[in-house]
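# attaching a predicted model along with its sequence, questions to come.
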Amino acid sequence: MKTATKTIWKIDPAHTEIHFKVKHMMVSTVTGAFTSFDGQVESNGEDFEDAIIKFEADIDSISTNNKQRDAHLKSADFFDAEQFPKLTFESISFTPKNKEDFTLKGNLTIHGVTKEVELSTEFNGVVTDPYGNVKAGFELSGIIRRKYFGLTWNALTEAGSIVVSDKVRLVISVQLIKS
């Protein structure tokens with residue numbers, strides 16, 4: 001019986017985007033991103049079934065293209081970057097639905113609170129780039145509730161509308177490099 005060889009994949013930060021989208025005033029959507037992050041995937045070859053995934057992002061790298069809003073998000077009202085400088089994710093399972101679609105379950109820790117989350121994942125395939133590097137691509141999406149992670153700051157407008165939605169949409173595009 002042949003034992004599967006473990007393959008280590010590293011996130012390619014130049015070709016990876018970690019975005020979130022939140023309703024503002026319940027009429028528009030603000031998009032933000034983490035620009036400093038790291039992660040790796042351990043798989044049995046290139047099929048990725050039951051891969052072990054670890055990821056972390058620096059809270060100080062949050063960017064919504066508005067310095068005042070970014071500073072507020074880093075403050076104790078939201079992420080409290082000084083006390084909780086990173087968000088982390090560790091997979092529990094990575095299960096195929098078919099050749100291209102997977103369900104990723106894992107523990108997400110934000111603001112010192114860990115909750116299990118589920119992300120829909122589309123596998124875009126494996127290719128060799130012009131420099132001989134083997135790369136794999138994935139698109140991930142899901143919804144989390146910020147209040148579950150202790151991010152409860154909010155305000156009401158004069159008309160009684162909520163300023164920031166509790167629902168946060170995650171939209172992630174990942175490219176991995178085989179080590």
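Received it, and whenever you're ready, just let me know what you need. None of the values given here were measured: they were computed from a predicted structure.
# I'd like to know how many residues surround G45.
By the criterion of other Cβ atoms under 10 Å, G45 has 11 neighbours. C-betas here are computed from N, CA, C, even on glycine.
# which residue ranges form the helices in the protein?
Listed in chain order, the helices of the chain (DSSP state H) span 67-74.
# partners of R145 in the sheet?
K167 (DSSP bridges).
# show me where the protein dips below the pLDDT cut-off.
For the chain, applying pLDDT under 70 flags the ranges 1-4, 155-162.
# and if we set it to 90?
Residues of the chain meeting the criterion pLDDT under 90: 1-5, 24-28, 44-47, 49-50, 99, 151-165.
# would you pull up how far stretch 64-71 lies from the middle of the chain?
Relative to its parent chain, stretch 64-71 has a centroid offset of 19 Å by Cα atoms, centre = their mean, to the nearest Å.
# list the buried residues for it?
By 16 or more other Cβ atoms under 10 Å, the buried positions in stretch 64-71 come out as T64, R69, D70.
# equivalent analysis for stretch 165-179, please.
Quick answer for stretch 165-179 (16+ other Cβ under 10 Å): S165, V168, R169, L170, I172, S173, V174, Q175, L176, I177, K178.
# which ones are touching A81?
By Cβ atoms under 8 Å, 6 or more residues apart in numbering, the contact set of A81 is I59, D60, I62, K74, S75.
# of these - the most surrounded one?
Neighbour counts for the contacts of A81 (other Cβ under 10 Å) peak at I62, which has 23 neighbours.
# pretty sure it is in contact with F34, am I right?
Yes: contact criterion Cβ atoms under 8 Å: I62 and F34 qualify, at 6.0 Å.
# output the buried residues of stretch 64-71 as JSON lines; include the columns distance to G132.
Output for the buried residues of stretch 64-71, formatted as JSON lines (distance: Cβ to Cβ, whole Å):
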{"residue": "T64", "distance to G132": "37"}
{"residue": "R69", "distance to G132": "42"}
{"residue": "D70", "distance to G132": "38"}
